[in-house]
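A.B. asks: whatever this is, show me its structure:
(chains A and B)
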There are 2 protein chains.
Amino acid sequence: VIDRLAIIGVGLIGGSVALALREAGICSRVIGCGRQPVHLEEAQRLGVIDTYSTDPAQAVAEADVVLIAVPLGAMGPVMAALAPGLRPDAVITDAGSAKACVVADARANLGDAFPRFVPGHPIAGTEQSGVAAAFPSLFAGRRVVLTPVTETDAWAITRITEVWTATGADVEVTDVEHHDAVLAATSHLPHMLAFGLVDSLARSDDPNTIFRYAAGGFRDFTRIAASDPVMWRDICLNNRRALLESLSRYRADLDAIRTAIEQGDGDQLEHLFRRAKQARDALTFNAP
Amino acid sequence: VIDRLAIIGVGLIGGSVALALREAGICSRVIGCGRQPVHLEEAQRLGVIDTYSTDPAQAVAEADVVLIAVPLGAMGPVMAALAPGLRPDAVITDAGSAKACVVADARANLGDAFPRFVPGHPIAGTEQSGVAAAFPSLFAGRRVVLTPVTETDAWAITRITEVWTATGADVEVTDVEHHDAVLAATSHLPHMLAFGLVDSLARSDDPNTIFRYAAGGFRDFTRIAASDPVMWRDICLNNRRALLESLSRYRADLDAIRTAIEQGDGDQLEHLFRRAKQARDALTFNAP
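C.D. replies: This next block holds a predicted model:
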């Protein structure tokens, strides 16, 4: 049971966590924090938060559980701002899509509270953003990956595991490096490919005709290109090494396809497409 | 009204055309043609076709409308085989995803019937294939692009337009070159990117973990990687020039993203993502 939950950054993720924990009936009071009162008022009106403050230290002052759900670039400053207000027994987690950078920010800014910070990443979301898009079942059956480090208190891990489990998520623990490499490949790289394709076509000679001939395959392929630009800028800047490695490997594989097309190597192309189809057909997703 | 419709290649597209025209009540009899009797028997059992033949000339012998819905690589041989059987008043269309190659095949193989061949491309489909996946509303509200050439008879264009319109599709006319360039960009390129990504990850060190962390974004992005390998091999081989051009342009744009990540150029990344999001948000799709 959570007495006071502080949500720093009340957008799609932060708002959905608040709604999910309320719906689970384990959270009596939610304090929101953000920079813009207009968004916090909207969150309050939507019943996502009870009260709010634009001052992180004030927002966390009474909280036993703190969730930081801001873009990666804001993690450091937000942690520095809230650290002085933390209760000595508060546990803290985050929802950042890359973990090495968040752990570094936490180590630099949370002081004594660092062992009570449990880095987390809910692998859930939609291309929508903002609190109006939040909904309580966003995490149901989805994976939340925790990446504690050696200093992290065991009881804090247990507590944060309980919190995320209460949202309906399946919680897993892995290490920071592994998380960042896997997410670069399965999430960050595909976002670059989709953003890149839509931008490339939008800047072509006749984008209107081009987009007019786009069908369902294109729609699904590019859905993630409608994602939040600031969030994705920050992911690029903060998971740079792993993402560049993924991009390099992918470019080499794409060049091999290109060469096969150039050489008219139908056997090679069919073989590759067949292998990809087999892998894709074998996948199951619990995402909505 | 169609007296006898011949469907050469009774898969997702051919089968769905037959079902759509039956449902529209304008088609009294459908003859299927394919290489494998077992598939034709399935199509018959499903009520998609009335009778069948594995001999293209025999299948078209009584048909006033002929649809060729086979992979691009089979177009030439199939046209050569059916040409001797064509009625002198039969109109012919196809469903190939690239048009220059189909027009060349038709010119080389249809003889006197070439002016009655109206190249077509229904921009519809799913990642499924085979007649069991066929359904009558596949073309409802979707685009069918016709690419007639100078020799094409006007009355044949009118007739084929009526046929595709009866499936529920919106028919448009454009030229071969334009069609092939646009489809390379909006369909053939994305398929390469998705096939390439899934294959790349499937061949990585630990594909199981990687795929386990994949969420809804990855699922939608890679849905088209489950498409038919033979169909896509043939598209690569038959729309080679336009596809290679699309791949080159895309690689240059992806390299620019890569450079911005390398240099930590957040402004450039945010600008690009914002432009892509804006373009993607502005798109509407009538696909299911």
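
A.B. asks: could you pull out the helices for the stretch 1-150 of chain A?
C.D. replies: A:12-23, A:37-45, A:56-60, A:75-82, A:100-109 (DSSP state H, counting those that start in this stretch).

A.B. asks: export the ones you listed as TSV, with columns for mean neighbour count and distance to B:V230.
C.D. replies: Yep, even glycine has a C-beta here, placed from its N, CA and C like the rest. Output for the helices of the stretch 1-150 of chain A, formatted as TSV (neighbours: other Cβ atoms under 10 Å in any protein chain shown; distance: least, Cβ to Cβ, whole Å):
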stretch	mean neighbour count	distance to B:V230
helix A:12-23	25	41
helix A:37-45	16	51
helix A:56-60	22	58
helix A:75-82	21	48
helix A:100-109	20	43
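
A.B. asks: Serialize these to CSV and add fields for mean pLDDT and distance to B:I13.
C.D. replies: Below are those laid out as CSV (pLDDT from 0 to 100; distance: least, Cβ to Cβ, whole Å):
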stretch, mean pLDDT, distance to B:I13
helix A:12-23, 97, 38
helix A:37-45, 97, 47
helix A:56-60, 98, 57
helix A:75-82, 98, 50
helix A:100-109, 98, 48
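
A.B. asks: in JSON lines, list those along with distance to chain B.
C.D. replies: Below are the helices of the stretch 1-150 of chain A laid out as JSON lines (distance: least, Cβ to the nearest Cβ, whole Å):
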{"stretch": "helix A:12-23", "distance to chain B": "13"}
{"stretch": "helix A:37-45", "distance to chain B": "19"}
{"stretch": "helix A:56-60", "distance to chain B": "23"}
{"stretch": "helix A:75-82", "distance to chain B": "14"}
{"stretch": "helix A:100-109", "distance to chain B": "12"}
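
A.B. asks: of those, which approaches B:G32 most closely?
C.D. replies: Taking Cβ to Cβ, helix A:12-23 is the member of these nearest to B:G32, at 49.3 Å.

A.B. asks: and the closest residue to A:G120 other than its chain neighbours, how far from A:S137?
C.D. replies: Leaving aside its sequence neighbours, A:G120 sits nearest to A:T93 (Cβ to Cβ, 6 or more residues apart in numbering or on different chains; 4.5 Å). Look at A:T93 and A:S137: by Cβ to Cβ, to the nearest Å, they are 20 Å apart.

A.B. asks: centroid-nearest residue for chain A?
C.D. replies: A:S97 (3.9 Å; Cα atoms, centre = their mean).

A.B. asks: that one contacts A:H188, doesn't it?
C.D. replies: Yes: A:S97 lies in contact with A:H188 (Cβ atoms under 8 Å); the separation is 7.4 Å.

A.B. asks: shared neighbours, these two?
C.D. replies: Shared contacts of A:S97 and A:H188, defined by Cβ atoms under 8 Å, 6 or more residues apart in numbering or on different chains, comprise A:I235, A:N239.

A.B. asks: which residues of chain A fall in strands?
C.D. replies: Per DSSP state E, chain A carries strands over the ranges A:2-8, A:27-33, A:51-53, A:65-68, A:91-94, A:117-118, A:120-123, A:143-146, A:170-173.

A.B. asks: would CSV of the ones you listed with mean neighbour count and mean pLDDT be doable?
C.D. replies: Output for the strands of chain A, formatted as CSV (neighbours: other Cβ atoms under 10 Å in any protein chain shown; pLDDT from 0 to 100):
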stretch, mean neighbour count, mean pLDDT
strand A:2-8, 24, 97
strand A:27-33, 23, 96
strand A:51-53, 18, 98
strand A:65-68, 27, 98
strand A:91-94, 27, 98
strand A:117-118, 28, 98
strand A:120-123, 26, 96
strand A:143-146, 22, 96
strand A:170-173, 16, 96
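
A.B. asks: wait, doesn't the residue nearest to A:G120 sit right on A:R116?
C.D. replies: No: A:T93 is beyond contact range of A:R116, at 9.7 Å (criterion: Cβ under 8 Å).

A.B. asks: right, I'll leave it there.
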